[in-house]
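K.L.:
what follows is a predicted protein model with its sequence.
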Amino acid sequence: MSSLPVLIFDGDCAFCSSCVRTAQRLLGRMPEVQPYQLEGDEGLAALGLTAEQCRQAVQYVARDRQVYAAHDAVSALLLAAGKGWWLLGALLRVPGVHWLSGVAYRWVARHRHRLPGGTAACALPRT
């Protein structure tokens, strides 16, 4: 099981992997980062997650075991990053901005296979 906090992402997605590497380079503080594929079902369950949740969106599990998904995970990550990043994380929680960041996250998630660094393997399964 991963230590907390931890950011769980889709390690099979080149776009997601690229985003994580960029965050690791830019952010002052980064939690442990783990592809959900390496956690296994038992490891994910211990974090309060399922593989399906992780296929659909990035997950951030805080020290207090609170789970944040999608744009809320990005906000939580930025809040914990320190420096000036916390301000951006707080902004993403402001009503209106929060809604818009959710729309943007879902659009990026649906189109990640078409974005720079994305490949056909990045496409989300059709539901």
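P.N.:
Cool, the structure landed. Numbers count the residues shown, from 1 in each chain.

K.L.:
so which elements touch the biggest helix by length in the chain?
P.N.:
Longest helix in the chain by number of residues (criterion: DSSP state H): helix 97-111. Applying 3 or more CB pairs under 8 Å, 6 or more residues apart in numbering; DSSP states H and E, one finds that helix 97-111 makes contact with helix 71-80. Where C-beta positions appear, they are placed from N, C-alpha and C, glycine not excepted.

K.L.:
and the very next helix or strand once past the helix it packs on, what does it pack onto?
P.N.:
For helix 71-80, the succeeding helix or strand toward the C-terminus, using DSSP states H and E, is helix 85-91. Counting contacts by 3+ CB pairs under 8 Å, 6+ apart, helix 85-91 is packed against helix 71-80.

K.L.:
for the longest helix of the chain, which outside residues touch it?
P.N.:
56-57, 70-71, 74-75, 91-92, 115, 124 (CB atoms under 8 Å, 6 or more residues apart in numbering).

K.L.:
lowest pLDDT pick from these?
P.N.:
When the contacts of helix 97-111 are compared by pLDDT, Leu124 scores lowest at 68.
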